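J.: Could you work out the structure for the sequence below:
(chains A and B)
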Amino acid sequence: MATDALRSQGHSHGTLGVTAHPYAPRPFVVRARTQETPDTVTLRLAPQLPGDRLSFKGGQFNMVYVFGVGESAISISGDTAHPEELVHTVRAVGKITNALAALTPGAVVGIRGPYGQGWPLDSARGRDVVVVAGGLGLPPLRPTLYEIFRHRESFGRVEVIYGARTPKDLVFAEEARTWLQRSDIRLQITVDAAERDWNGDVGVVTVRIPDARFDPANTTAFVCGPEIMMKFTAQALVQRGVPAEAIWLSMERNMKCALGFCGHCQYGPSFVCRDGPCLPYKTLAPLLAVKEV
Amino acid sequence: MTATVSEAIADRVLRHPFFVDIDPTLVHAMVSKAEERSYDVGEMLVHEGKPAEEFFLVLEGKIALEVGGSDRPGITVETIEKGEILGWSWLVAPYRWRFDARASKPTKVIAINAAAARYALAAHPAFGYHFLMKLLPVIADRLENTRVQLLDIHGH
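T.: Residues are numbered from 1 along each chain as shown, chains lettered A, B, ... in the order given. Have a look, this model is predicted:
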(Lines give C-alpha, C1' and ligand atoms only; values in the text may rest on other atoms or scores of the structure.)
Protein backbone atom coordinates (compact mmCIF):
# COMPACT_ATOMS: atom_id res chain seq x y z
CA MET A 1 0.00 0.00 0.00
CA ALA A 2 2.64 2.46 1.07
CA THR A 3 4.73 1.52 -1.94
CA ASP A 4 1.81 2.11 -4.30
CA ALA A 5 1.08 5.42 -2.63
CA LEU A 6 4.70 6.42 -2.93
CA ARG A 7 4.76 5.39 -6.57
CA SER A 8 1.71 7.55 -7.24
CA GLN A 9 3.65 10.53 -5.89
CA GLY A 10 6.46 9.95 -8.35
CA HIS A 11 7.30 12.52 -10.97
CA SER A 12 8.06 12.40 -14.64
CA HIS A 13 11.39 13.59 -15.94
CA GLY A 14 10.17 15.73 -18.82
CA THR A 15 11.27 14.22 -22.11
CA LEU A 16 12.94 11.33 -20.34
CA GLY A 17 9.48 9.80 -19.98
CA VAL A 18 10.31 7.76 -16.92
CA THR A 19 8.71 7.99 -13.52
CA ALA A 20 11.30 8.51 -10.84
CA HIS A 21 11.09 7.37 -7.26
CA PRO A 22 9.45 10.16 -5.23
CA TYR A 23 12.48 10.45 -2.98
CA ALA A 24 14.87 10.76 -5.93
CA PRO A 25 16.01 14.37 -6.40
CA ARG A 26 16.33 15.89 -9.85
CA PRO A 27 19.57 17.73 -10.54
CA PHE A 28 19.34 21.50 -10.97
CA VAL A 29 22.23 23.86 -11.64
CA VAL A 30 22.63 27.21 -9.93
CA ARG A 31 22.63 29.82 -12.71
CA ALA A 32 22.67 32.99 -10.61
CA ARG A 33 22.88 34.06 -7.01
CA THR A 34 21.56 37.38 -5.65
CA GLN A 35 22.34 38.59 -2.15
CA GLU A 36 19.02 40.00 -0.95
CA THR A 37 20.01 40.85 2.62
CA PRO A 38 23.07 40.01 4.72
CA ASP A 39 21.63 36.55 5.49
CA THR A 40 19.30 35.91 2.55
CA VAL A 41 20.05 34.96 -1.04
CA THR A 42 17.98 34.19 -4.11
CA LEU A 43 19.15 31.30 -6.27
CA ARG A 44 18.08 30.96 -9.89
CA LEU A 45 18.25 27.33 -10.98
CA ALA A 46 17.92 25.50 -14.26
CA PRO A 47 17.32 21.78 -14.77
CA GLN A 48 20.47 19.87 -15.56
CA LEU A 49 18.64 17.18 -17.54
CA PRO A 50 17.64 18.26 -21.05
CA GLY A 51 13.92 18.86 -21.38
CA ASP A 52 13.29 18.77 -17.65
CA ARG A 53 11.14 21.54 -16.23
CA LEU A 54 9.27 22.13 -13.01
CA SER A 55 5.76 23.52 -13.26
CA PHE A 56 4.35 24.74 -9.98
CA LYS A 57 1.61 26.75 -8.33
CA GLY A 58 2.22 29.85 -6.21
CA GLY A 59 2.66 28.87 -2.58
CA GLN A 60 4.13 25.44 -3.26
CA PHE A 61 7.57 24.36 -2.08
CA ASN A 62 10.40 22.06 -3.07
CA MET A 63 12.69 19.89 -1.03
CA VAL A 64 16.10 21.26 -1.93
CA TYR A 65 19.00 18.89 -1.38
CA VAL A 66 22.56 20.09 -0.88
CA PHE A 67 24.48 16.93 -1.64
CA GLY A 68 26.35 15.65 1.36
CA VAL A 69 24.67 18.13 3.69
CA GLY A 70 20.94 17.51 3.67
CA GLU A 71 17.52 18.52 2.41
CA SER A 72 15.35 21.48 3.34
CA ALA A 73 11.84 22.61 2.38
CA ILE A 74 12.04 25.92 0.51
CA SER A 75 9.15 27.84 -1.04
CA ILE A 76 9.33 28.68 -4.72
CA SER A 77 9.67 32.40 -5.33
CA GLY A 78 9.79 32.52 -9.14
CA ASP A 79 7.18 33.00 -11.83
CA THR A 80 4.73 30.20 -12.64
CA ALA A 81 4.81 31.39 -16.26
CA HIS A 82 8.49 30.47 -16.46
CA PRO A 83 8.79 26.89 -15.27
CA GLU A 84 12.10 26.58 -17.11
CA GLU A 85 13.64 28.65 -14.34
CA LEU A 86 13.33 27.64 -10.71
CA VAL A 87 13.80 30.38 -8.12
CA HIS A 88 14.33 29.86 -4.42
CA THR A 89 14.99 32.52 -1.80
CA VAL A 90 16.82 31.19 1.23
CA ARG A 91 17.70 32.65 4.61
CA ALA A 92 20.83 31.14 6.10
CA VAL A 93 19.72 30.02 9.55
CA GLY A 94 20.88 26.42 9.87
CA LYS A 95 23.35 23.89 8.49
CA ILE A 96 21.49 23.19 5.25
CA THR A 97 20.31 26.71 4.53
CA ASN A 98 23.81 28.04 5.24
CA ALA A 99 25.15 25.57 2.70
CA LEU A 100 22.45 26.60 0.21
CA ALA A 101 23.13 30.28 0.69
CA ALA A 102 26.84 29.69 0.08
CA LEU A 103 26.30 28.03 -3.32
CA THR A 104 27.69 29.79 -6.34
CA PRO A 105 26.80 29.55 -10.05
CA GLY A 106 27.62 26.14 -11.44
CA ALA A 107 26.81 24.24 -8.28
CA VAL A 108 24.30 21.40 -8.56
CA VAL A 109 21.51 20.76 -6.07
CA GLY A 110 18.84 18.09 -5.90
CA ILE A 111 15.20 19.08 -6.19
CA ARG A 112 12.10 17.13 -5.17
CA GLY A 113 8.75 18.72 -5.74
CA PRO A 114 6.77 20.78 -6.13
CA TYR A 115 4.80 19.86 -3.04
CA GLY A 116 1.79 21.06 -1.10
CA GLN A 117 -1.32 23.04 -1.84
CA GLY A 118 -0.56 26.53 -3.04
CA TRP A 119 -2.57 29.69 -2.57
CA PRO A 120 -6.20 29.21 -3.74
CA LEU A 121 -6.01 32.07 -6.20
CA ASP A 122 -9.09 30.95 -8.13
CA SER A 123 -11.18 31.52 -5.01
CA ALA A 124 -10.08 35.17 -5.06
CA ARG A 125 -11.22 35.91 -8.61
CA GLY A 126 -13.82 38.65 -8.72
CA ARG A 127 -12.98 39.69 -5.18
CA ASP A 128 -10.68 42.20 -3.52
CA VAL A 129 -7.32 40.71 -2.58
CA VAL A 130 -5.14 41.56 0.40
CA VAL A 131 -1.63 40.16 0.40
CA VAL A 132 0.32 40.56 3.64
CA ALA A 133 3.95 39.50 3.80
CA GLY A 134 6.27 39.64 6.76
CA GLY A 135 10.02 39.41 6.25
CA LEU A 136 10.83 36.29 4.27
CA GLY A 137 7.10 35.77 3.75
CA LEU A 138 7.27 37.72 0.50
CA PRO A 139 9.05 35.03 -1.60
CA PRO A 140 6.24 32.42 -1.26
CA LEU A 141 3.73 35.12 -2.24
CA ARG A 142 5.69 36.48 -5.18
CA PRO A 143 4.54 33.85 -7.74
CA THR A 144 0.93 34.62 -6.83
CA LEU A 145 1.53 38.37 -7.10
CA TYR A 146 2.90 37.82 -10.61
CA GLU A 147 -0.28 35.91 -11.49
CA ILE A 148 -2.45 38.67 -10.08
CA PHE A 149 -0.48 41.25 -12.09
CA ARG A 150 -0.90 39.15 -15.26
CA HIS A 151 -4.65 38.75 -14.75
CA ARG A 152 -5.26 42.03 -12.99
CA GLU A 153 -8.72 42.47 -14.51
CA SER A 154 -9.90 39.28 -12.78
CA PHE A 155 -9.61 40.81 -9.33
CA GLY A 156 -11.06 43.77 -7.48
CA ARG A 157 -8.86 46.07 -5.44
CA VAL A 158 -5.43 44.65 -4.63
CA GLU A 159 -3.67 45.71 -1.44
CA VAL A 160 -0.18 44.49 -0.69
CA ILE A 161 1.31 45.09 2.74
CA TYR A 162 4.92 44.16 3.25
CA GLY A 163 6.68 44.44 6.59
CA ALA A 164 10.18 43.70 7.81
CA ARG A 165 12.29 44.36 10.89
CA THR A 166 14.36 47.11 9.32
CA PRO A 167 14.84 48.51 5.79
CA LYS A 168 17.93 46.29 5.45
CA ASP A 169 15.74 43.20 5.92
CA LEU A 170 13.48 43.89 2.94
CA VAL A 171 13.92 41.27 0.22
CA PHE A 172 13.26 42.04 -3.47
CA ALA A 173 13.65 45.69 -2.49
CA GLU A 174 14.41 46.88 -6.03
CA GLU A 175 11.47 44.96 -7.47
CA ALA A 176 9.15 46.24 -4.75
CA ARG A 177 10.10 49.78 -5.75
CA THR A 178 8.72 49.05 -9.24
CA TRP A 179 5.51 47.71 -7.70
CA LEU A 180 5.16 51.03 -5.87
CA GLN A 181 4.85 52.69 -9.28
CA ARG A 182 1.90 50.51 -10.31
CA SER A 183 -1.42 52.30 -10.34
CA ASP A 184 -3.47 49.09 -10.31
CA ILE A 185 -2.36 47.92 -6.87
CA ARG A 186 -1.59 49.65 -3.58
CA LEU A 187 1.62 48.56 -1.90
CA GLN A 188 2.43 49.61 1.64
CA ILE A 189 5.90 48.86 2.94
CA THR A 190 6.55 49.22 6.64
CA VAL A 191 9.39 48.33 8.97
CA ASP A 192 9.44 47.81 12.72
CA ALA A 193 12.24 50.30 13.29
CA ALA A 194 14.47 52.46 11.10
CA GLU A 195 17.26 54.97 11.08
CA ARG A 196 16.89 58.45 9.67
CA ASP A 197 17.71 57.53 6.10
CA TRP A 198 14.34 55.76 5.85
CA ASN A 199 11.41 58.04 5.06
CA GLY A 200 8.83 55.31 4.67
CA ASP A 201 6.37 53.90 7.18
CA VAL A 202 7.45 52.57 10.56
CA GLY A 203 5.19 50.25 12.53
CA VAL A 204 4.13 46.63 12.49
CA VAL A 205 2.15 45.32 9.50
CA THR A 206 -1.04 45.05 11.51
CA VAL A 207 -1.11 48.85 11.82
CA ARG A 208 -1.65 49.15 8.06
CA ILE A 209 -4.73 46.92 7.95
CA PRO A 210 -7.38 49.29 9.39
CA ASP A 211 -6.69 51.82 6.61
CA ALA A 212 -6.20 49.33 3.79
CA ARG A 213 -8.69 49.75 0.97
CA PHE A 214 -10.85 46.67 0.49
CA ASP A 215 -14.40 45.47 0.99
CA PRO A 216 -14.02 43.07 3.93
CA ALA A 217 -17.01 40.91 3.04
CA ASN A 218 -15.71 40.45 -0.50
CA THR A 219 -12.02 40.00 0.22
CA THR A 220 -9.63 37.09 0.10
CA ALA A 221 -6.40 37.50 2.08
CA PHE A 222 -3.12 35.68 1.61
CA VAL A 223 -0.73 36.03 4.55
CA CYS A 224 2.79 34.70 4.86
CA GLY A 225 5.48 35.38 7.43
CA PRO A 226 6.54 34.25 10.87
CA GLU A 227 3.70 32.47 12.64
CA ILE A 228 3.24 35.15 15.26
CA MET A 229 3.03 37.81 12.56
CA MET A 230 0.39 35.78 10.71
CA LYS A 231 -1.60 35.30 13.90
CA PHE A 232 -1.81 39.03 14.64
CA THR A 233 -2.43 39.85 10.99
CA ALA A 234 -5.29 37.37 10.74
CA GLN A 235 -6.81 38.79 13.92
CA ALA A 236 -6.60 42.31 12.48
CA LEU A 237 -8.23 41.15 9.24
CA VAL A 238 -11.06 39.44 11.14
CA GLN A 239 -11.50 42.60 13.22
CA ARG A 240 -11.83 44.50 9.96
CA GLY A 241 -14.59 42.09 8.91
CA VAL A 242 -12.84 39.62 6.61
CA PRO A 243 -14.39 36.14 7.10
CA ALA A 244 -11.94 33.65 8.67
CA GLU A 245 -12.51 31.21 5.80
CA ALA A 246 -11.31 33.82 3.31
CA ILE A 247 -7.97 34.33 5.10
CA TRP A 248 -5.19 31.96 4.08
CA LEU A 249 -1.91 31.51 5.94
CA SER A 250 1.21 29.68 4.80
CA MET A 251 2.35 27.46 7.64
CA GLU A 252 5.87 26.24 8.22
CA ARG A 253 6.72 23.03 10.01
CA ASN A 254 9.58 20.56 9.97
CA MET A 255 9.07 18.84 6.60
CA LYS A 256 10.96 15.63 5.99
CA CYS A 257 9.28 13.36 3.46
CA ALA A 258 7.07 16.12 1.98
CA LEU A 259 4.65 13.39 0.93
CA GLY A 260 2.38 13.20 3.95
CA PHE A 261 3.85 9.98 5.31
CA CYS A 262 6.43 10.67 7.98
CA GLY A 263 4.31 12.89 10.21
CA HIS A 264 7.09 15.33 11.11
CA CYS A 265 5.02 18.29 9.92
CA GLN A 266 1.75 17.29 11.55
CA TYR A 267 -0.17 20.32 12.79
CA GLY A 268 -3.42 19.33 14.44
CA PRO A 269 -5.38 17.32 11.91
CA SER A 270 -3.21 18.40 8.97
CA PHE A 271 0.10 17.41 7.50
CA VAL A 272 1.48 20.78 6.48
CA CYS A 273 3.47 19.29 3.57
CA ARG A 274 0.45 17.59 2.02
CA ASP A 275 -2.60 19.55 3.18
CA GLY A 276 -0.77 22.89 3.37
CA PRO A 277 1.34 24.84 3.55
CA CYS A 278 -1.47 27.26 2.60
CA LEU A 279 -4.36 26.65 4.99
CA PRO A 280 -7.48 28.65 5.92
CA TYR A 281 -7.39 30.68 9.12
CA LYS A 282 -10.76 29.22 10.05
CA THR A 283 -9.04 25.86 10.51
CA LEU A 284 -5.87 27.28 12.01
CA ALA A 285 -7.29 29.78 14.52
CA PRO A 286 -7.87 27.28 17.36
CA LEU A 287 -4.39 25.84 16.89
CA LEU A 288 -2.70 29.23 16.76
CA ALA A 289 -4.10 29.94 20.22
CA VAL A 290 -2.30 26.87 21.61
CA LYS A 291 1.30 27.40 22.66
CA GLU A 292 4.08 25.22 21.29
CA VAL A 293 1.99 23.10 18.89
CA MET B 1 5.04 79.47 9.64
CA THR B 2 1.93 80.49 11.58
CA ALA B 3 -1.57 81.56 10.79
CA THR B 4 -3.91 83.56 12.97
CA VAL B 5 -6.53 81.75 14.96
CA SER B 6 -9.58 81.77 12.80
CA GLU B 7 -12.82 80.10 12.08
CA ALA B 8 -11.03 78.38 9.26
CA ILE B 9 -8.73 76.59 11.70
CA ALA B 10 -11.63 75.67 13.97
CA ASP B 11 -13.38 74.29 10.93
CA ARG B 12 -10.33 72.23 9.99
CA VAL B 13 -10.11 70.90 13.54
CA LEU B 14 -13.75 69.89 13.43
CA ARG B 15 -13.19 68.04 10.16
CA HIS B 16 -10.16 66.17 11.49
CA PRO B 17 -11.11 62.51 12.13
CA PHE B 18 -10.20 62.77 15.79
CA PHE B 19 -12.62 65.65 16.43
CA VAL B 20 -15.32 64.71 14.00
CA ASP B 21 -18.08 64.02 16.57
CA ILE B 22 -17.01 66.39 19.33
CA ASP B 23 -19.27 69.33 20.27
CA PRO B 24 -18.26 72.37 18.12
CA THR B 25 -18.83 74.88 20.94
CA LEU B 26 -16.37 73.06 23.13
CA VAL B 27 -13.92 72.62 20.27
CA HIS B 28 -13.88 76.39 19.83
CA ALA B 29 -12.94 76.77 23.50
CA MET B 30 -10.20 74.20 23.20
CA VAL B 31 -8.62 75.53 20.04
CA SER B 32 -8.63 79.24 20.94
CA LYS B 33 -4.84 79.31 20.59
CA ALA B 34 -4.47 76.77 17.81
CA GLU B 35 -2.37 77.47 14.76
CA GLU B 36 -1.58 75.78 11.50
CA ARG B 37 2.07 74.99 10.77
CA SER B 38 4.16 73.47 7.99
CA TYR B 39 7.35 71.49 8.45
CA ASP B 40 9.93 70.56 5.84
CA VAL B 41 11.54 67.14 5.74
CA GLY B 42 13.89 66.78 8.70
CA GLU B 43 12.41 69.59 10.78
CA MET B 44 11.69 68.68 14.39
CA LEU B 45 8.21 69.09 15.82
CA VAL B 46 9.11 68.14 19.36
CA HIS B 47 12.20 67.24 21.36
CA GLU B 48 12.38 64.61 24.06
CA GLY B 49 12.48 66.18 27.54
CA LYS B 50 11.20 69.58 26.44
CA PRO B 51 7.91 70.93 27.81
CA ALA B 52 4.89 69.48 26.01
CA GLU B 53 3.12 72.79 25.44
CA GLU B 54 0.94 71.61 22.58
CA PHE B 55 -0.32 68.61 20.65
CA PHE B 56 -0.80 68.14 16.93
CA LEU B 57 -3.46 67.10 14.48
CA VAL B 58 -1.77 65.85 11.32
CA LEU B 59 -3.30 67.29 8.15
CA GLU B 60 -0.71 66.14 5.61
CA GLY B 61 2.61 64.37 5.47
CA LYS B 62 4.36 61.97 7.77
CA ILE B 63 6.00 62.35 11.18
CA ALA B 64 8.61 59.96 12.55
CA LEU B 65 8.66 59.31 16.29
CA GLU B 66 12.21 58.71 17.41
CA VAL B 67 13.85 57.44 20.53
CA GLY B 68 17.53 57.27 21.23
CA GLY B 69 20.34 58.38 23.45
CA SER B 70 23.32 60.64 23.23
CA ASP B 71 25.49 57.67 22.24
CA ARG B 72 23.43 56.54 19.26
CA PRO B 73 21.37 58.06 16.48
CA GLY B 74 17.62 58.26 16.88
CA ILE B 75 15.70 55.16 15.88
CA THR B 76 12.26 55.66 14.37
CA VAL B 77 9.78 53.43 16.15
CA GLU B 78 6.55 54.69 14.64
CA THR B 79 5.24 57.00 11.95
CA ILE B 80 2.17 59.20 12.27
CA GLU B 81 0.20 60.31 9.24
CA LYS B 82 -2.67 62.40 7.97
CA GLY B 83 -5.77 62.00 10.11
CA GLU B 84 -3.87 61.01 13.24
CA ILE B 85 -3.13 62.83 16.46
CA LEU B 86 0.37 63.31 17.84
CA GLY B 87 1.06 63.59 21.53
CA TRP B 88 -0.51 63.00 24.89
CA SER B 89 2.45 64.08 27.05
CA TRP B 90 0.60 67.41 27.46
CA LEU B 91 -2.06 65.54 29.47
CA VAL B 92 0.32 63.72 31.80
CA ALA B 93 2.36 65.60 34.42
CA PRO B 94 5.09 66.76 34.32
CA TYR B 95 4.03 67.59 30.72
CA ARG B 96 7.30 66.82 28.96
CA TRP B 97 7.81 65.04 25.63
CA ARG B 98 9.03 61.48 25.92
CA PHE B 99 10.29 61.19 22.35
CA ASP B 100 11.48 63.23 19.39
CA ALA B 101 9.15 63.88 16.47
CA ARG B 102 10.56 64.77 13.06
CA ALA B 103 8.86 65.42 9.74
CA SER B 104 9.89 62.62 7.38
CA LYS B 105 7.81 64.14 4.56
CA PRO B 106 6.59 67.71 4.05
CA THR B 107 4.03 67.97 6.81
CA LYS B 108 1.14 70.21 7.79
CA VAL B 109 -0.36 70.13 11.27
CA ILE B 110 -2.65 72.08 13.51
CA ALA B 111 -0.86 72.74 16.79
CA ILE B 112 -3.25 73.06 19.72
CA ASN B 113 -2.08 74.90 22.81
CA ALA B 114 -1.88 72.47 25.73
CA ALA B 115 -2.74 74.91 28.52
CA ALA B 116 -5.84 76.12 26.66
CA ALA B 117 -6.84 72.56 25.93
CA ARG B 118 -6.38 71.44 29.54
CA TYR B 119 -8.41 74.43 30.74
CA ALA B 120 -11.22 73.60 28.29
CA LEU B 121 -11.24 69.96 29.34
CA ALA B 122 -11.40 70.88 33.04
CA ALA B 123 -14.03 73.57 32.51
CA HIS B 124 -16.28 71.25 30.54
CA PRO B 125 -16.11 67.83 32.23
CA ALA B 126 -18.52 66.18 29.81
CA PHE B 127 -16.41 67.37 26.92
CA GLY B 128 -13.30 66.28 28.77
CA TYR B 129 -14.73 62.81 29.29
CA HIS B 130 -15.72 62.51 25.64
CA PHE B 131 -12.29 63.73 24.55
CA LEU B 132 -10.49 61.22 26.75
CA MET B 133 -12.77 58.42 25.55
CA LYS B 134 -11.63 59.27 22.01
CA LEU B 135 -7.99 59.50 23.02
CA LEU B 136 -7.96 56.27 25.01
CA PRO B 137 -8.40 53.93 21.99
CA VAL B 138 -5.53 55.74 20.27
CA ILE B 139 -3.33 55.11 23.30
CA ALA B 140 -4.56 51.51 23.56
CA ASP B 141 -3.82 50.86 19.87
CA ARG B 142 -0.33 52.27 20.20
CA LEU B 143 0.29 50.21 23.34
CA GLU B 144 -0.84 47.06 21.54
CA ASN B 145 1.29 47.91 18.51
CA THR B 146 4.26 48.44 20.80
CA ARG B 147 3.68 45.03 22.37
CA VAL B 148 3.60 43.42 18.94
CA GLN B 149 6.79 45.30 18.08
CA LEU B 150 8.39 43.94 21.25
CA LEU B 151 7.56 40.42 20.08
CA ASP B 152 9.88 41.05 17.15
CA ILE B 153 7.37 39.34 14.87
CA HIS B 154 9.64 39.51 11.84
CA GLY B 155 12.66 38.23 13.67
CA HIS B 156 11.46 34.64 14.04
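
J.: from what I can see B:Glu53 touches B:Asn113, true?
T.: Yes: at 7.1 Å, B:Glu53 counts as touching B:Asn113 under the criterion of Cβ atoms under 8 Å. Every residue, glycine included, has its C-beta placed from N, CA and C.

J.: So for those two, which sits in the more crowded spot?
T.: Between B:Glu53 and B:Asn113, counted using other Cβ atoms under 10 Å in any protein chain shown, the more crowded position is B:Asn113 (20 against 15).

J.: Count residues in the vicinity of the closest residue to that one other than its chain neighbours, would you?
T.: The shortest distance from B:Asn113 to any non-neighbouring residue, by Cβ to Cβ, 6 or more residues apart in numbering or on different chains, is to B:Lys33 (3.6 Å). For B:Lys33, the number of neighbouring residues by other Cβ under 10 Å comes to 14.

J.: The one 4 residues further on now?
T.: A count of neighbours around B:Arg37, defined by other Cβ under 10 Å, yields 17.

J.: likewise A:Asp184?
T.: Count around A:Asp184 with other Cβ under 10 Å applied: 11.

J.: do you know how far the residue lying closest to it once chain neighbours are set aside is from A:Ala133?
T.: Nearest residue to A:Asp184, sequence neighbours excluded (Cβ to Cβ, 6+ apart): A:Arg152, at 5.2 Å. A:Arg152 is 19 Å from A:Ala133, where distance means Cβ to Cβ, to the nearest Å.

J.: More neighbours: the two, which one.
T.: Shown here are A:Arg152 and A:Ala133; by other Cβ under 10 Å, A:Ala133 has more neighbours (29 against 12).

J.: wait, doesn't the more buried one sit right on A:Glu159?
T.: No: contact criterion Cβ under 8 Å: A:Ala133 and A:Glu159 do not qualify, at 11.7 Å.

J.: what's next to the helix or strand bottoming out on mean pLDDT in chain B, contact-wise?
T.: Least confident helix or strand of chain B, by mean pLDDT, DSSP states H and E, is helix B:24-30 with a mean of 83. By Cβ atoms under 8 Å, 6 or more residues apart in numbering or on different chains, the residues outside helix B:24-30 that reach it are B:10, B:13-14, B:19, B:112, B:116-117, B:120-121, B:123-124, B:127, B:131.

J.: Would you check which pair of those residues lies furthest apart?
T.: B:Leu14 and B:Ala123 (18.9 Å; Cβ to Cβ).

J.: ok, the two, which is more surrounded?
T.: B:Leu14 (16 against 12).

J.: and that one, how far is that from chain A?
T.: 21 Å (Cβ to the nearest Cβ, to the nearest Å).

J.: pLDDT wise, what is A:Pro22 at?
T.: On pLDDT, A:Pro22 comes in at 79.

J.: and it, how many residues sit next to it?
T.: A:Pro22: 19 neighbours (other Cβ under 10 Å).

J.: so it makes contact with A:Met63?
T.: No: in this structure, A:Pro22 is not within contact of A:Met63 by Cβ under 8 Å, at 10.1 Å.

J.: shared neighbours, those two?
T.: With Cβ under 8 Å, 6+ apart, A:Pro22 and A:Met63 have common neighbours A:Arg112.

J.: Do a quick rundown of the helices in the chain.
T.: I'll assume chain A. Counting by DSSP state H, one finds helices in chain A at the ranges A:2-8, A:95-101, A:138-150, A:173-180, A:227-240, A:272-275, A:281-288.

J.: Actually, chain B is the one I wanted.
T.: B:7-15, B:24-30, B:114-123, B:125-150.

J.: just so I know, which of those helices lies nearest B:Ala103?
T.: Taking those one by one with Cβ to Cβ, helix B:7-15 is closest: 18.4 Å.

J.: hmm, who's touching the closest one?
T.: Contacts of helix B:7-15 (Cβ under 8 Å, 6+ apart): B:3, B:19-20, B:22, B:24, B:27-28, B:31, B:34-36, B:57, B:59, B:110, B:112.

J.: quick one: average pLDDT of that helix?
T.: The average pLDDT within helix B:7-15 is 88.

J.: for it, which positions count as buried?
T.: For helix B:7-15, burial by neighbour count (16 or more other Cβ atoms under 10 Å in any protein chain shown) applies to B:9-10, B:12-14.

J.: With stretch A:266-278 instead?
T.: Those would be A:266-267, A:270-278, for stretch A:266-278 by 16+ other Cβ under 10 Å.

J.: Look up which residues are beta-bridged to residue 75.
T.: Answering for chain A, as no chain was given. A:Phe61 (DSSP bridges).

J.: think we crossed wires, I meant chain B
T.: Counting by DSSP bridges, the residues bridging with B:Ile75 are B:Val67.
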